[in-house]
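Engineer: next one to model:
(2 chains)
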Amino acid sequence: MLRLSNDDVARLFEEIADLLEIDDASPFRVRAYRTAASTLRGLGREARDMVAAGEPLTDLPGIGKDLAGKITEALSTGRIDALETLHRDVPPSLEALLRIPGLGPKRVRALYQQLGVENLDDLRAAAAAGRVRSLHGFGKKTEQRVLDQLAAQREKKHRIPRHEATPQARDLERRLRDIPGVEQVVIAGSFRRGRDTVGDLDVLVTAASTDLVMARFTGLPAVLEVTARGTTRASVLLRSGLQVDLRLVPPESFGAALHYFTGSKAHNVRVRRLGQQHGLKVNEYGVFRGGERVAGDTEESVFSAVGLPFITPELREDQGEIEAAQQNRLPRLIERGDLRGDLHAHTTASDGRASLRAMAEAARAAGLEYLAITDHAADQGGPRPMDARRLREQGEAIDRLNEELHGITLLKGVEVDIREDGSLVLPETVLARLDVVIASVHNATSLPRRQQTERLMRAMDHPSVTLLGHPGGRFRPEREGYAVDMERVLRHARECGCFVELDSQPRRLDLNETYCRLARERGVLVAIDSDSHDRRDFANLDGGVLHARRGWLEAVDVLNTRPLHELRRLLRRTH
DNA sequence: GCCGTTTTCGGCCCGACTGTTTTCAGTCG
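Structural biologist: Below you'll find the model as predicted:
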């Protein structure tokens, strides 16, 4: 059996969907492939493991007999015959054309069939020669737009990290609120759903006068270019490269519009379909029975109209939240205030930029009751790695500080490197004296999957290890994570009484959302840590909690929501 | 291609904006 991951199969399905669309197939058939791809991506476990365990893939939502067969085919042969067949009609290079804004399947099809355009170079040549404008449905403006987009393509940014978009979002909010007549301003879209990357900002505004809002919005100093402007919708490109879509709705439609523009698209489709089953039409202006408006001033009213309790934005991905809501089994998601401590922080003893005392006081100011000091222990790299002597000295300093400080307790810890063979750089005798031992990978990040997996499992076998640090190895933008069988890692963590970390640094946010959810299902507690290197870094915890919410975590699933005495009990591994 | 409180066929979410039309298709979210 080949080692195809769910992502690999999802990519094949998305390619099929793209090519089918260009081939003018039924839009519903196309959607089936996209839905299946999305299901696979959010599954949390590998389809090949389900197949190996004899569990039918048709149990998965949106996957019937045919697609189950294609998944199995892909897993065993690495290819899908139907896709190869499709390639005979539609060259795979046409997929790239779909990524050009303004070009959809119909136009790409026309370009291919009538001009023989098969790739971006062909397209550039055809547009430059003025041949594109001659096609039916195309014109001079479309041709120019294509040329502009091709030129801009190289420097085009895709999704940006949430923390880069946040200041721009807040600034935008403030400026829009200042416009006379504006009542409510909310940044909706994936930003409101708490995604850790942002493709654009969707801003919802309710206001008395529409013209003034549109004029002021498109005239903001941060605006580089206005790409669309109507009476209820406008799109602009900011100088920063961020795109902003503004939607204007009457105040009575606020709830329906907020729900609609928060998405996700897949979630919305499900809610509208539920509406249909209740004889209702759901759109951004409200919920309607015939011509009568029956709900829509609040989001709660929209959910209620289709028979659902309120679903918090972080869960609206059509990854099971609708079903959970119907069965009244929505999680009570963790909140920042539930965190009582932080188990991962550095000081000037290793690569941190603040002293023990400064970090302790900053943690207290961040509302925490305890903080584990976990400076680095490594074979090489980084300044002054911790060893037995330095850990003992730091421990004594912590004891003295704990006597002096009120409202915060420091715990003794270390972040110890995992060697390539799964051994740790400090001996068990040294680790055993500490309260918190985080075992982390900081080198050899591109080991083969099996080797990386077993490396992590061996590290957890050391009886003093309490926590596997940033287990997936994500480090953006360089790495989305290393090859690792997280399901196996989590099962092992459960068996040996080890916990896993959600490192809240914006570049990490690791465990990822899918694996947070899997950890919860497998009964492995997650520690939401700041990995602070400076006093300000405790603010990372906000992002960590948001991320955990998207991973369906409740306070009870999170190790550091426990009061100190309970935490101490949990940290003593009995295996 | 999937799915079932309209169940094994006949549906499948809904509206805004643009550019190219001359009443609307294509694209986007």
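
Engineer: against A:Asp537, how distant is A:Gln168?
Structural biologist: 21 Å (Cβ to Cβ, to the nearest Å). Glycine gets a C-beta too; all of them are placed from N, C-alpha and C.

Engineer: and chain A, what are its domains?
Structural biologist: Taking automatic domain parsing as the reference, chain A has its domains at A:6-155, A:160-249, A:264-326, A:336-571.

Engineer: before we move on, back to that, neighbour count winner among A:Gln168 and A:Asp537?
Structural biologist: Each of A:Gln168 and A:Asp537 has its neighbours counted (other Cβ atoms under 10 Å); A:Asp537 has more, 22 against 18.

Engineer: how near is the residue nearest to that one when sequence neighbours are not counted to DNA strand B?
Structural biologist: Sequence neighbours aside, A:Ser530 is the residue nearest to A:Asp537 in space, at 5.4 Å (criterion: Cβ to Cβ, 6 or more residues apart in numbering). According to Cβ to the nearest atom of the strand, to the nearest Å, A:Ser530 and DNA strand B sit 33 Å apart.

Engineer: by contact count, what packs against the helix or strand hosting A:Tyr515?
Structural biologist: When secondary structure is defined by DSSP states H and E, A:Tyr515 falls within helix A:513-522. Contacts defined by 3 or more Cβ pairs under 8 Å, 6 or more residues apart in numbering; DSSP states H and E place helix A:513-522 against helix A:486-496, strand A:526-529, helix A:540-550.

Engineer: and for the next helix or strand after the last one, what's in contact with it?
Structural biologist: Taking DSSP H and E as the definition, the helix or strand that follows helix A:540-550 towards the C-terminus is helix A:564-571. Helix A:564-571 has contacts (Cβ atoms under 8 Å, 6 or more residues apart in numbering) with A:340-341, A:369-370, A:409, A:435-436, A:466, A:525, A:559-560, A:562.

Engineer: any chance of the domains of chain A in TSV, plus distance to A:Ala257 and mean pLDDT?
Structural biologist: Shown next, in TSV, are those (distance: least, Cβ to Cβ, whole Å; pLDDT from 0 to 100):
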stretch	distance to A:Ala257	mean pLDDT
domain A:6-155	24	88
domain A:160-249	4	90
domain A:264-326	5	90
domain A:336-571	23	94
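
Engineer: deepest of those domains, which one?
Structural biologist: Of all those, domain A:336-571 has the most neighbours on average by mean count of other Cβ atoms under 10 Å, namely a mean of 20.

Engineer: how long is that one end to end?
Structural biologist: 22 Å (Cα to Cα, to the nearest Å).

Engineer: same thing with stretch A:546-558?
Structural biologist: Stretch A:546-558 has its terminal residues 13 Å apart, counting by Cα to Cα.

Engineer: the helix or strand hosting A:Val244 pairs with which strands?
Structural biologist: Using DSSP H and E, A:Val244 sits within strand A:243-249. Here strand A:243-249 is paired, per DSSP bridges, with strand A:200-207 (parallel), strand A:233-238 (antiparallel).

Engineer: hmm, who's touching the shortest one?
Structural biologist: In this structure, residues lying in contact with strand A:233-238 by Cβ under 8 Å, 6+ apart are A:168, A:214, A:217-218, A:220, A:222-229, A:243-248.

Engineer: so does it get close to DNA strand B?
Structural biologist: Yes: Strand A:233-238 comes into contact with DNA strand B (Cβ under 7 Å from any atom of the strand), by way of A:233-234.

Engineer: wait, what's in contact with the residue of the stretch 401-550 of chain A found nearest DNA strand B?
Structural biologist: As assessed by Cβ to the nearest atom of the strand, DNA strand B sits closest to A:Arg550 within the stretch 401-550 of chain A, at 19.0 Å. The contact partners of A:Arg550, by Cβ under 8 Å, 6+ apart, come to A:193-195, A:314-315, A:317, A:513, A:516.

Engineer: mind checking which of those residues land in strands?
Structural biologist: Within those, no residue falls in strands by DSSP state E.

Engineer: closest to DNA strand B among those residues?
Structural biologist: Nearest to DNA strand B among the contacts of A:Arg550, with distances taken as Cβ to the nearest atom of the strand, is A:Arg193, at 12.3 Å.

Engineer: now that closest one. Its backbone dihedrals?
Structural biologist: phi -70, psi -10 (degrees, to the nearest 10).

Engineer: quick check: A:Gly62 touching A:Ala37?
Structural biologist: No: counting by Cβ atoms under 8 Å, A:Gly62 stays clear of A:Ala37, with 9.4 Å between them.

Engineer: what lies in contact with the helix holding A:Tyr515?
Structural biologist: By Cβ under 8 Å, 6+ apart, helix A:513-522 touches A:41-45, A:471-472, A:486-487, A:490-491, A:493-494, A:500, A:502, A:511, A:525-526, A:547-548, A:550-554, A:557.

Engineer: relative to helix A:486-496, how tilted is that helix?
Structural biologist: When axes from the mean of the first three to the mean of the last three Cα atoms, to 10 degrees is applied, the directions of helix A:513-522 and helix A:486-496 differ by 40 degrees.

Engineer: using CSV, write down the CA coordinates of helix A:513-522.
Structural biologist: Written as CSV, here are the backbone C-alpha positions of helix A:513-522 (Å, rounded to 0.1, in the frame of the first residue of the first chain):
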residue,chain,number,x,y,z
GLU,A,513,-6.7,22.4,14.7
THR,A,514,-7.4,18.9,13.3
TYR,A,515,-5.0,17.3,15.7
CYS,A,516,-6.4,19.3,18.7
ARG,A,517,-9.7,17.7,17.9
LEU,A,518,-8.1,14.3,17.6
ALA,A,519,-6.3,14.7,20.9
ARG,A,520,-9.6,15.5,22.6
GLU,A,521,-11.3,12.5,21.0
ARG,A,522,-8.4,10.3,22.1
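
Engineer: so that helix versus helix A:540-550, what angle?
Structural biologist: With the same axes, to 10 degrees as the basis, helix A:513-522 and helix A:540-550 are set at 70 degrees to each other.

Engineer: which parts of the stretch 351-500 of chain A are strands?
Structural biologist: Using DSSP state E, counting those that start in this stretch, the strands of the stretch 351-500 of chain A run over A:370-377, A:409-417, A:436-440, A:467-468, A:499-503.
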